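Colleague: Please find the sequence and the predicted model below.
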Amino acid sequence: MYGNDSAELYDLLHSARGKDFEGEAAAVAALVGDRKPDAASLLDIACGTGAHLARFAARFPHVEGVELSEPMLDLARARLPGVPLTLGDMRDFDLGRRFDAAVCLFGSLGYVDSADELDSALRSFARHLNPGGVLVVEPWWAPDTFTPGHVSADVVEADGTRVARVSHASFATPAGDASLMRVHYVVAHPDHGIRHFAEDHVCRLFDSARYEAAFTAAGLAFERVESPMSARGFLVGVRK
């Protein structure tokens, strides 16, 4: 989850770190188009600030978003006036309508707290798809691909403000079934001085077999495909 402070820095930091929102949206849209060429509507689950959704809006006649973090949703609303955006939890939201495609990107599905919650989330995703609708998920790391001890550090500048971000990754549980990413930010502003804040992000680590079981139980044909942008790849489901 992202609070007020980090939500405001989200796009700046990730763009500076090389995240290609346009390229990722194009890759995901291509996966949808290959499986459902007539797809005309898309739902972005955990849409964040709407950075991906803005690119999907240029590719699909109708788009919507769902997001649990109110600060992130506020930024998405400012970016995408007129696009329906709903405050909701991926595990149990119900918009009462269906789409030709749904996406959940950037490891957001890892924020579920258990395997049971993973199943609940996939059921929520599936019930928002038309028959033949396509789901594209960018998963979080798996138990055998997560790297405890990984450290990253970045400094970016925008409009005279400098932002430093450092993070450290470790296992969140003795069983090694969840990751903990501890992130610290230092923001230096010419007029407001220096402020510091920190966040902890706990994400569950599921292997491919567990994802496949969740997709299958939700009535989705499952496949794993490579991603040109991420070593985590994509999980793709088609509603039966």
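Modeller: Arrived safely.
Colleague: Which secondary structure elements does whichever strand or helix holds residue 195 sit against?
Modeller: In this assignment (DSSP states H and E), residue 195 forms part of strand 193-204. Judged by 3 or more CB pairs under 8 Å, 6 or more residues apart in numbering; DSSP states H and E, strand 193-204 is in contact with helix 4-16, strand 178-189. Bear in mind the C-beta positions are built from the backbone N, C-alpha and C, glycine included.
Colleague: List the buried residues for the shortest one?
Modeller: For strand 178-189, a neighbour-count test (16 or more other CB atoms under 10 Å) marks 178-179, 181, 183, 185, 187-188 as buried.
Colleague: on that earlier part again, just the CA trace of the strand holding residue 195, in PDB.
Modeller: Below are the C-alpha coordinates for strand 193-204, written out as PDB (Å, rounded to 0.1, in the frame of the first residue of the first chain):
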ATOM      1  CA  GLY A 193      13.700  21.700   3.600                       C
ATOM      2  CA  ILE A 194      14.200  18.000   4.100                       C
ATOM      3  CA  ARG A 195      11.800  15.300   5.200                       C
ATOM      4  CA  HIS A 196      12.200  11.600   5.600                       C
ATOM      5  CA  PHE A 197       9.600   8.800   5.700                       C
ATOM      6  CA  ALA A 198       9.600   5.000   5.400                       C
ATOM      7  CA  GLU A 199       7.300   2.200   4.300                       C
ATOM      8  CA  ASP A 200       7.200  -1.600   4.600                       C
ATOM      9  CA  HIS A 201       5.700  -3.600   1.800                       C
ATOM     10  CA  VAL A 202       4.900  -7.300   2.500                       C
ATOM     11  CA  CYS A 203       4.100  -9.500  -0.500                       C
ATOM     12  CA  ARG A 204       3.400 -13.200  -0.700                       C
END
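Colleague: Present the helices and strands packed on strand 193-204 as JSON lines; the columns should include distance to residue 128.
Modeller: Listed next are the helices and strands packed on strand 193-204 as JSON lines, based on distance: least, CB to CB, whole Å:
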{"stretch": "helix 4-16", "distance to residue 128": "25"}
{"stretch": "strand 178-189", "distance to residue 128": "27"}
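Colleague: Identify whichever of the ones you listed lies nearest to residue 56.
Modeller: helix 4-16 (15.7 Å; CB to CB).
Colleague: The next helix or strand after that closest one: which residues count as buried?
Modeller: Downstream of helix 4-16, the next assigned helix or strand under DSSP H and E is helix 21-35. Residues of helix 21-35 classed as buried by neighbour count (16+ other CB under 10 Å): 21, 24-29, 31-32, 35.
Colleague: quick one: which two of those residues are the most distant?
Modeller: Pairwise distances across the buried residues of helix 21-35 (CB to CB) peak at 22.0 Å, for the pair 21 and 35.
Colleague: what's the helix or strand of the chain with the lowest mean pLDDT packed up against?
Modeller: Least confident element among the helices and strands of the chain, by mean pLDDT, DSSP states H and E: helix 4-16 (a mean of 81). With contacts taken as 3+ CB pairs under 8 Å, 6+ apart, helix 4-16 sits against helix 70-79, strand 151-158, strand 161-171, strand 178-189, strand 193-204.
Colleague: Mind listing what's buried along the last one?
Modeller: Meaning strand 193-204. Going by neighbour count (16+ other CB under 10 Å), the buried part of strand 193-204 is 201, 203-204.
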